[in-house]
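[1] Predicted model follows, preceded by the sequence.
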Amino acid sequence: MGIVYIIGHKNPDTDSICSAIAYAEYKRQVSKGCYLPTRLGEPNNETKFVLDYFQIPLPTLIENVYTQLSDITYDKPLNITKNAPISHVWDVMMKNNIKTVNVVDDEGNFVGIVTLGDMARANLEISDNFSEFVVPIENIIKTLNGKALNLSGSCFSGDLAVAAMKVEDVEKRLSKDTLLIVGNREDVQLTAIERKVNTIVTTGDCHVSDRIFDLAKKNKVNLIKVPYDTFNTVKLINQSIPIHYVMKSRGLITFETHELIDDVKEAMLKYKYRYFPVLEKRKPVGMLTRRHILDFDGKKVILVDHNEKTQSVEGLEQARILEIIDHHRIGNIETTLPIIFMNKPVGCTSTIIYSLYKERGITPSKHIAGIMCAAILSDTLIFRSPTCTAEDIDAAKELSKIAEIELDEFSKAMFEAGTSLKDKTQQDVFYMDFKEFRVGGHKIGVSQVNIYNTDLAPLKGKLLSFMENLRVQEGYDILLLMLTDIINEGSEFIYVGNHRDLLSRAFDIEITGDSFYLPYVVSRKKQVIPKLITAISAL
């Protein structure tokens, strides 16, 4: 099945990250597969506190889900070491009915490719002048189905000689760099040993005397016995040459597993090769052809705590969405196939996920229960948010018992950690929890920052300047920053844009400056976005 990425929304909050972790753990317990919780940005202080408190590592950061070569299926490669004899490579190709193999070094790193055409051309072009090559003795033994009677060296590079003449004539052609092919002529064998040739190959599976064996050993001459007659031995020995002398190693087009499929397609169109090696850390892991990129499934993803494309990961259009678990309004994501879509009017995605644990009779671990409880407390503002339901409260209480935490004490510590703005820039503050919406042709951005005993006066001017620059650069109609006081249950709104009348109509108040206060408004999802939608729709 491959990896399934579980993804929360951009500018992640505690629910987004904790829901991804908790749902990944749930999926691992109820189905086979590799489920990876991920995040689309850096966690805020509150989320860091929660993960540290329950000793859970931060999910993997991903930047996009564009399809990579690692996501698609391609042919399994056949990799041959560079010193393998031509004969072995040919046998492998015939046995597996393939026309191209990769050539690798002793560490398995890619060094070239060889095709059937390369092999056929080699058989025609390679001469019997072995001085052009360094041939492992092991290759000669393997190619000729031989048996080593004595080995005194590991390689041969030199001239071939065949004992098809008088011993005096043969002797003239012998030197320490000679490989002699000879039948059962002991006189020639003795002469060759006396001249200390590199290698003697005896043909026809003929008997080799003890005298020849002892002298070969004494004079450090390789002695090999083969079953073929002299004619076929001469014909076959060229196939013992290492394949790296035949392979192509220059001008090759290879791809890495991390490369995007769109980039690979573009490159493949420029070249008429049939096969393209796929590498991972220099090692060949596949062979790619055009048919592999014509029809493919992208990355498999499950979305949690959002269902709008503008809030989701880049490249989602290339991914295959398997499920969506959310508690927000239904947005604009489309799928090509039916999926599991759970959308419930509760205050937190983790409440929905906990209900799935209960349906299956699974008790989450202390740590997973803890982060789900924290997510509910965060999203419902300790049950003060109008989005909070009885189901959220019951879930949080049950999870707190499993996690062995006291709700009031833990909530206070979590919100104190989360509302700290120490060392934060205006950009950091604005993007702590930012969401973008498109309604009736209007592009709207709403950021929400929870405050607790926090003085934002020194930052207000800088925030307004930052927001106005962002509005102009990104083409927003309205940008809002909600400064939500959890304890006193109200929010101050800082805004930029030329739609003061629209905001006045949406919230039924008179707005005179660049900010306004709404008591008992603490939920962006339930108390702000719906009112903006209604006001825009009435235009």
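    Nice, thanks for sending it over.

[2] going forward, measure contacts between C-alpha atoms and count neighbours the same way
    Will do.

[3] can you give me the helices for the stretch 51-200 of the chain?
    If you assign secondary structure with DSSP state H, counting those that start in this stretch, the helices in the stretch 51-200 of the chain sit at 86-96, 116-125, 137-143, 167-171, 186-194.

[4] which parts of the first one are buried?
    To tie it back to what came earlier, the one meant is helix 86-96. By neighbour count on 16 or more other CA atoms under 10 Å, the buried set for helix 86-96 is 86-90, 92-93.

[5] Quick check: D187 touching M165?
    No: at 11.9 Å, D187 and M165 do not qualify as touching, with contact defined as CA atoms under 8 Å.

[6] Quickly list what N102 is bridged to.
    N102 has the following beta-bridge partners by DSSP bridges: N79, I113.

[7] ok, it - how many residues close by?
    In terms of burial, N102 registers 26 neighbours under the definition other CA atoms under 10 Å.

[8] Just put the buried residues of helix 86-96 in JSON lines and tack on distance to P37 and pLDDT.
    Converted to JSON lines, those look like this (distance: CA to CA, whole Å; pLDDT from 0 to 100):
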{"residue": "I86", "distance to P37": "48", "pLDDT": "93"}
{"residue": "S87", "distance to P37": "49", "pLDDT": "91"}
{"residue": "H88", "distance to P37": "46", "pLDDT": "93"}
{"residue": "V89", "distance to P37": "44", "pLDDT": "93"}
{"residue": "W90", "distance to P37": "46", "pLDDT": "91"}
{"residue": "V92", "distance to P37": "42", "pLDDT": "92"}
{"residue": "M93", "distance to P37": "43", "pLDDT": "92"}
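
[9] Next, the contact list for H367, please.
    Residues counted as contacts of H367 (CA atoms under 8 Å, 6 or more residues apart in numbering) are 54-56, 403.

[10] Please apply the same query to N139.
    When contacts are counted by CA under 8 Å, 6+ apart, N139 touches 84-85, 240-242.

[11] Which pLDDT value belongs to it?
    Confidence per residue is given as pLDDT, and for N139 that number is 94.

[12] distance of it from V89?
    Plainly put, N139 is 12 Å away from V89 if you go by CA to CA, to the nearest Å.

[13] quick revisit: neighbour-wise, give me the winner out of the contacts of H367.
    A403 (20 neighbours).

[14] Is that residue in contact with P364, as I believe?
    No: A403 is beyond contact range of P364, at 9.1 Å (criterion: CA under 8 Å).

[15] can you list contacts of stretch 273-291?
    For stretch 273-291, the surrounding residues in contact (CA under 8 Å, 6+ apart) are 74-77, 79, 100, 102, 104, 108-110, 253-257, 268.

[16] and that stretch, how far from the chain's centre?
    The chain centroid and the centroid of stretch 273-291 are separated by 16 Å under CA atoms, centre = their mean, to the nearest Å.

[17] Stretch 377-396 now?
    Going by CA atoms, centre = their mean, where stretch 377-396 is centred and where its chain is centred differ by 37 Å.

[18] For that stretch, measure first residue to last.
    Taking CA to CA, stretch 377-396 runs 7 Å from one end to the other.

[19] And that stretch, what's buried?
    In terms of neighbour count (16+ other CA under 10 Å), stretch 377-396 has its buried residues at 377-389, 391-393, 395-396.

[20] Which of these fall in helices?
    Using DSSP state H to define helices, the subset of the buried residues of stretch 377-396 located there is 377-379, 391-393, 395-396.

[21] just curious, which of these is nearest to I324?
    Compare each of these with I324 using CA to CA and the shortest gap goes to D379, at 18.3 Å.

[22] doesn't G347 make contact with the closest one?
    Yes: taking CA under 8 Å as the definition, D379 is a contact partner of G347 at 6.3 Å.

[23] can you list residues touching both of those two?
    Residues touching both D379 and G347 comprise S385, with contact defined as CA under 8 Å, 6+ apart.

[24] So K10 sits against S312, correct?
    Yes: with the criterion set as CA under 8 Å, K10 and S312 qualify as a contacting pair; they are 6.0 Å apart.

[25] Okay, strands next: where are they in the stretch 201-350 of the chain?
    Taking DSSP state E, counting those that start in this stretch as the criterion, the stretch 201-350 of the chain carries its strands at 222-225, 255-256, 276-280, 283-288, 300-304, 320-326, 340-343.

[26] Now mean neighbour count too, for these, in JSON lines please.
    Written out in JSON lines, the entries for these read as follows (neighbours: other CA atoms under 10 Å):
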{"stretch": "strand 222-225", "mean neighbour count": "25"}
{"stretch": "strand 255-256", "mean neighbour count": "21"}
{"stretch": "strand 276-280", "mean neighbour count": "21"}
{"stretch": "strand 283-288", "mean neighbour count": "23"}
{"stretch": "strand 300-304", "mean neighbour count": "24"}
{"stretch": "strand 320-326", "mean neighbour count": "21"}
{"stretch": "strand 340-343", "mean neighbour count": "14"}
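
[27] wait, which of the ones you listed is closest to N488?
    Distances from N488 to each of the strands of the stretch 201-350 of the chain were compared using CA to CA; the minimum, 27.9 Å, belongs to strand 320-326.

[28] what sits up against that closest one?
    Contacts of strand 320-326 with the rest of the structure, by CA under 8 Å, 6+ apart, involve 297-307, 335, 339-344, 349, 352-353.

[29] chain center to that strand, what's the gap?
    Here strand 320-326 shows a centroid-to-chain-centroid distance of 20 Å under the convention CA atoms, centre = their mean.

[30] Return the mean pLDDT over that strand, rounded to an integer.
    pLDDT averaged over strand 320-326 equals 96, rounded to a whole number.
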